[in-house]
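Asks: When you get a sec, could you give me coordinates for this:
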Amino acid sequence: MVVALGCLGIGTAQAQSVNDSKFGKGLQFIAADSSFSLKLGARFQTLYQGSTTSGSGEWKDRLLIRRARLKLEGFAYSPKLEYKIALGLSNNDIGNDNPEMFDNANSIVLDAVAKWHFRPNWELWVGQTKLPGNREHIVSSHKMQFVDRSLLNSRFSLDREAGLQLHHTHQLGQMVLRESAALSMGEGRNIAVNNTGGYSYTAQAEIFPLGEFEGGGAYVGSDIYREESPKLALAAAYNFNDDTNRSQGQLGDFLSGQRDLHTIFVDAMFKYRGFSTMAEFARRSAPDGPVITTTEEGQVDETFVTGDAFNIQAGYLFKSDWEVAGRYTTYNPERETSLLAQEQYTLGLSKYIVGHSLKVQSDVTLQDFPGRDNGYQFRLQLEVAL
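Replies: Predicted coordinates:
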């Protein structure tokens, strides 16, 4: 596919005009008649990860391609109709590392969405993309402050789904307000079978009391743009997933039963002159109880992931483009699920060579499991984004 796209670009070069193509910005083309535009980008993350526990002392490690992505975006027919296509090419992107499962080609599609600016400050999105949930997930994996997202995100994120989204933005003086609503399938991305239960309904409200962040910085890890004045973002989101059969709503194992799931998110981000901090709280509940089946011994066999989590992180980006950051995350599943509670303490060190497009990141994490051996993890990652 990549070769074919490259040949297409070469073969049509005479009919296109290259616009502002440089490292980290992708290849950009605009049709000679201005009927469409195309920006082609690619990126990958090479990760070394090692871990041990205080009980065993055995060091387990691996080297892998954490993510490999191909992205196409631009406008079609009119600048009012934008599109985005994102493909995940690594095993982790696709969702499994079993070679026998790779015939499930539609797992490759991350985003395939059209965005229609039908009125000033109004947008209608149609297709598959991220739902308007927690800020940490809305921040692209290309623009994270740490090697990867927190435990809160891995347990409670809404991830991506196919559906409709309506977005609105308005301004009151310096203050900016955004509202989003989404109707989606309820079972995650790339579901090709008929809907099993009901649909998923998501609403989000966001406020910027001190005005917009530089360069869309409310959805970028670290204060990479070094805000000249204090900037603050506050948001709350709610998701109702009607009769889902996946353990985490849009993610997780497919279970033998169905439940209504209610998820709330509250988050805040602040940035000023190289300093940045972000805090999030998430809670998910199942009114009919999360447990589906138990064994003859009374142990939980199938359960939905319910409970709450809190994450807070902060960092300072020096003028040398080195950043030191810290993160604390606590995850508290409901007792009846029999899932393990956990706390994580993470210290990160990053070097931004060309912003988020070329960077080296590392972090060390203490994983505290109440009543069990502690875990220790070290990660080192190189990111290259063309």
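
Asks: In the chain, spot the strand with the most residues.
Replies: If you go by DSSP state E, the chain has its longest strand at strand 254-272.

Asks: Listing partners with orientation, what would you give for it?
Replies: Its sheet considered, strand 254-272 pairs with strand 231-246 (antiparallel), strand 275-285 (antiparallel) by DSSP bridges.

Asks: would you turn those into a markdown table with mean pLDDT?
Replies: Shown next, in a markdown table, are the strands paired with strand 254-272 (pLDDT from 0 to 100):
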| stretch | mean pLDDT |
| --- | --- |
| strand 231-246 | 97 |
| strand 275-285 | 98 |
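
Asks: rewinding a little: only the buried residues of the longest strand of the chain, if you could.
Replies: 255, 258-261, 263-267, 269-272 (16 or more other CB atoms under 10 Å). (Glycine included, C-beta is placed from N, CA and C.)

Asks: same check, this time on stretch 161-178
Replies: Using 16+ other CB under 10 Å as the test for burial, stretch 161-178 gives 161-163, 165-167, 169, 176, 178.

Asks: And the contacts of that stretch?
Replies: Contact with stretch 161-178 is made by 121-129, 131-132, 179-189, 191, 199-200, 204-212, 250, as judged by CB atoms under 8 Å, 6 or more residues apart in numbering.

Asks: can you do 6 Å?
Replies: For stretch 161-178, the external contacting residues (CB atoms under 6 Å, 6 or more residues apart in numbering) are 121-126, 128, 131, 179-185, 206-209, 211-212, 250.

Asks: Please report how far the residue nearest to the spatial centre of the chain lies from residue 166.
Replies: For the chain, residue 137 is the residue whose C-alpha lies nearest the centre (CA atoms, centre = their mean; 3.0 Å). According to CB to CB, to the nearest Å, residue 137 stands 19 Å off from residue 166.

Asks: ok, now residue 306?
Replies: For residue 306 relative to residue 166 (CB to CB), the value is 28 Å.

Asks: show me the contacts for residue 352.
Replies: Applying CB under 6 Å, 6+ apart, we find residue 352 in contact with 321, 359.

Asks: helix, strand or coil for it?
Replies: Following DSSP: H, G, I helix; E, B strand; the rest coil, we place residue 352 in the strand state.

Asks: what bridges to it?
Replies: Note on residue 352: beta-bridge partners by DSSP bridges are residue 359.

Asks: again with residue 332
Replies: Note on residue 332: beta-bridge partners residue 308, judged by DSSP bridges.

Asks: just to revisit the earlier point, can you redo the strands paired with strand 254-272 as JSON lines with distance to residue 44 and mean neighbour count?
Replies: Formatted as JSON lines, the strands paired with strand 254-272 follow (distance: least, CB to CB, whole Å; neighbours: other CB atoms under 10 Å):
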{"stretch": "strand 231-246", "distance to residue 44": "28", "mean neighbour count": "20"}
{"stretch": "strand 275-285", "distance to residue 44": "25", "mean neighbour count": "20"}
